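**Student:** please find the sequence and the predicted model below.
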Amino acid sequence: MRLLDLLLGRKLANYEGEERKISAIEGVPALGLDGLASSAYGPEAALVILGAAGAAGLGQIEPIMIAILVLLAMLFLSYWQTIGAYPTNGGSYTVARENLGANAGLLAATALMIDYVLNVAVGISAGVGALTSAVPGLHPYTLELCLAILALITLVNLRGTLEAGLVFSVPTYLFIASFAALLLFGLYKALASGGNPAPVVPPPAMPAASEAVTLWLLLRAFASGCTAMTGVEAVSNGVGAFRAPSAAHARRTLAGIVFVLAALLAGIAYLASAYSIAPMDQSEPGYQSVLSQLAAAVVGRGTLYFIAIGSLLAVLCLSANTSFAGFPRLCRQVAQDGYLPRAFALPGRRLVYSVGILWLALTAGGLLAMFGGITDRLIPLFAVGAFLSFTLSQAGMAVHWRRQLREQEDGRHGNRARLAVNAAGAVATGLSLAVILAAKFVEGAWITVLTIPCVLALLLLIKRYYRQIDRQLIEEGPIDVGDLTPPIVVVPIAEWNRLAERAIRYALRLSSEVIGVHMTRLEGPDEEEHAGKLRRRWRNEVEHPARDAGLPPPRLVQIPSPYRSITGPLLKFILETRRQHPRRAVAVVIPMLVEAHWWDRLMHTERVRRIRAILLRHGGPNLAVVMVPWTLEEPRPEAVIAAEEPRQKHPALQREVEPAK
């Protein structure tokens, strides 16, 4: 418990949940790092495609980025309306499910889950790419650095959303300030030189053109650059993380993220063209990211360069935090509807959904290992899920406003304007999704396209499983109080000792018909002597005291087990007992040794737990299994309660606890 308290913090009570919510100040680093960090790899992904056309292709980065900014503005207006319409949770899953149907909502959730996992992998790999740009000697350790950063972000998020927002606020606002200064200075130099500034550190030479500038090339560049918008959804999906008024704080956070992102994208695109910045191959030694080249060209490799690149590294690596904030909340909603295991809906010790956080870390870590932590290998998989969820969300909002128009006479003009905004957003994101699929399908987007139906099928199977359980467990009408004959109690014992005595005493409380079952191997004189000794002790120490007390004496049955098995012969005996007494229930009372310390388990077998599992699986509905423990070292209940439920200062708890004292 001390180790968990040190790593994750003390356990939080339910009433502390409101205090753990965030404002817009913490909201930007908690939910906006993905959007802000995508300004690093979004333009670079577009430049990688345009670089194939040489200088002529790189000159097209500005119109490409203008198209992306127009789409970003449409998404901003759309999600601004979504947050107002769904002030508790306006994520794609909720909007699509309520307006387009359960299947559309599930498709949106599936796409968004995959996008969240990819965002973690891409953000961390891009951050490590920035680090190896500044320190080339670390390039051979790219994957190890990625996994270490993933572990750190996971640990911080297990402590809570508020802590993540506070911890990540320093690098976030340092990144905004340093790159604002760098881009403004670069813009001043470019304008002062008539659009041809002299770089302090010249970037590498422009590669020779390998293809011409075509419409297909521009569409592919647009599709790659759209990865810069993947974090916009997170705010509407995490409205529940904000303190009251949640919608107002969420809107302020969304506005801040989009404004800073738009300024970064516009500045980077203009200066990359002005300084003739060409992308490099990340898998090759000596790699320099576009932003590293741009910063060196504007201010050289001095103090400001290392501050800017250092903050960029931190923001890129920590951009995965957006997914760690959004993914568990999305999984909670899906789990509450029965499409994910119910553990995803349970808050952990810090009032965050720990199972979702750990699952996200596991899947993202596997993805990083599979692709070696190289951003360029992951980018083609990216943005498909995000834009699919964008499209479904905007279409759902259009249906929402259309329904409002039919149901309400007042406010008709405002609802029409909102309908137009979300309808335009749905069309724009749908067309963008088509472009992304066409441009990236062969490069790797086919993996995402194939994964979406697989995950969707898995969610539907989970829902089917829970429906089958509900059908079996549902019961209507009063309880059946007839035929409540006490069960036949079977107690498996290895020898007569305190553990067996406690189990027999407990069995006598349940029923007057108790049977002790002992397995014998029938091999050699030692086994014969042991079996005979047990029979004698049973007569003297069990049967005679029971008769003296006026109780029916428990029987001892010794079953041969030549293969040293316990479970098989015991199960066979129970089934035979049930055949002889078809209207009687059978209870198996198993004596169990409870270890006092974790190392005690190394000295004992897991046979008792295996017996219990097999009996429950194959014993049928009229079989009950009762564990009777014997603790090697008596625990102190006060210490256990104090560890599980730390003392709180909440007045209501004080009033409940005081009378018990």
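**Tutor:** Yep, that arrived.

**Student:** could you use CA atoms for every contact and neighbour count after this?
**Tutor:** Noted.

**Student:** tell me where the stretch 501-650 of the chain has strands.
**Tutor:** Along the stretch 501-650 of the chain, counting by DSSP state E, counting those that start in this stretch, strands occupy 514-520, 555-560, 586-594, 623-631.

**Student:** just the buried positions in the last one, please.
**Tutor:** When you say that, I think you mean strand 623-631. 623-626, 628, 630 (16 or more other Cα atoms under 10 Å).

**Student:** the shortest one now?
**Tutor:** Of the residues in strand 555-560, those buried under the neighbour-count criterion (16+ other Cα under 10 Å) are 555-556, 558-560.

**Student:** export these as TSV, with columns for pLDDT.
**Tutor:** Shown next, in TSV, are the buried residues of strand 555-560 (pLDDT from 0 to 100):
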residue	pLDDT
555	92
556	92
558	89
559	87
560	82
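
**Student:** give me the distance from the host helix or strand of residue 110 to the chain's centre.
**Tutor:** If you go by DSSP states H and E, residue 110 is part of helix 102-134. Its chain's average C-alpha position is 12 Å from that of helix 102-134, according to Cα atoms, centre = their mean, to the nearest Å.

**Student:** following that helix, which helix or strand shows up next?
**Tutor:** Helix 102-134 is succeeded, C-terminally, by helix 142-158 (DSSP H and E).

**Student:** by contact count, what packs against the next helix or strand after that following helix?
**Tutor:** Per DSSP H and E, the first helix or strand lying C-terminal to helix 142-158 is helix 161-192. Helix 161-192 is packed against helix 24-31, helix 142-158, helix 246-274, helix 290-299, helix 303-318, with contacts defined by 3 or more Cα pairs under 8 Å, 6 or more residues apart in numbering; DSSP states H and E.

**Student:** can you put these in JSON lines and add mean neighbour count, mean pLDDT and distance to residue 543?
**Tutor:** Formatted as JSON lines, the helices and strands packed on helix 161-192 follow (neighbours: other Cα atoms under 10 Å; pLDDT from 0 to 100; distance: least, Cα to Cα, whole Å):
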{"stretch": "helix 24-31", "mean neighbour count": "28", "mean pLDDT": "79", "distance to residue 543": "69"}
{"stretch": "helix 142-158", "mean neighbour count": "19", "mean pLDDT": "86", "distance to residue 543": "56"}
{"stretch": "helix 246-274", "mean neighbour count": "21", "mean pLDDT": "88", "distance to residue 543": "70"}
{"stretch": "helix 290-299", "mean neighbour count": "24", "mean pLDDT": "88", "distance to residue 543": "86"}
{"stretch": "helix 303-318", "mean neighbour count": "24", "mean pLDDT": "82", "distance to residue 543": "70"}
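
**Student:** now, among the buried residues of strand 623-631, which is nearest to residue 280?
**Tutor:** Residue 280 has its nearest neighbour among the buried residues of strand 623-631 in residue 625, at 65.2 Å by Cα to Cα.

**Student:** how about the closest one: what's its closest non-neighbour residue?
**Tutor:** residue 588 (4.8 Å; Cα to Cα, 6 or more residues apart in numbering).

**Student:** which residues touch the one you found?
**Tutor:** 489-492, 623-626 (Cα atoms under 8 Å, 6 or more residues apart in numbering).

**Student:** mind redoing it with 7 Å?
**Tutor:** With Cα atoms under 7 Å, 6 or more residues apart in numbering as the criterion, the residues that contact residue 588 are 489-491, 624-626.

**Student:** cool, residue 593 as well?
**Tutor:** Taking Cα under 7 Å, 6+ apart as the test, what residue 593 contacts is 629-631.

**Student:** pLDDT wise, what is it at?
**Tutor:** Residue 593 is assigned a pLDDT of 80 by the prediction.

**Student:** from residue 206, how far off is it?
**Tutor:** Using Cα to Cα, to the nearest Å, residue 593 is found at 73 Å from residue 206.

**Student:** rewinding a little: which among the helices and strands packed on helix 161-192 is found nearest to residue 467?
**Tutor:** Using Cα to Cα, those put helix 142-158 closest to residue 467, at 31.3 Å.

**Student:** how many neighbouring residues does residue 622 have?
**Tutor:** By the measure other Cα atoms under 10 Å, the count of residues near residue 622 is 13.

**Student:** retrieve the pLDDT associated with it.
**Tutor:** At residue 622, pLDDT is 85.

**Student:** ok, it touching residue 583?
**Tutor:** No: using Cα atoms under 7 Å, residue 622 makes no contact with residue 583, being 9.3 Å away.
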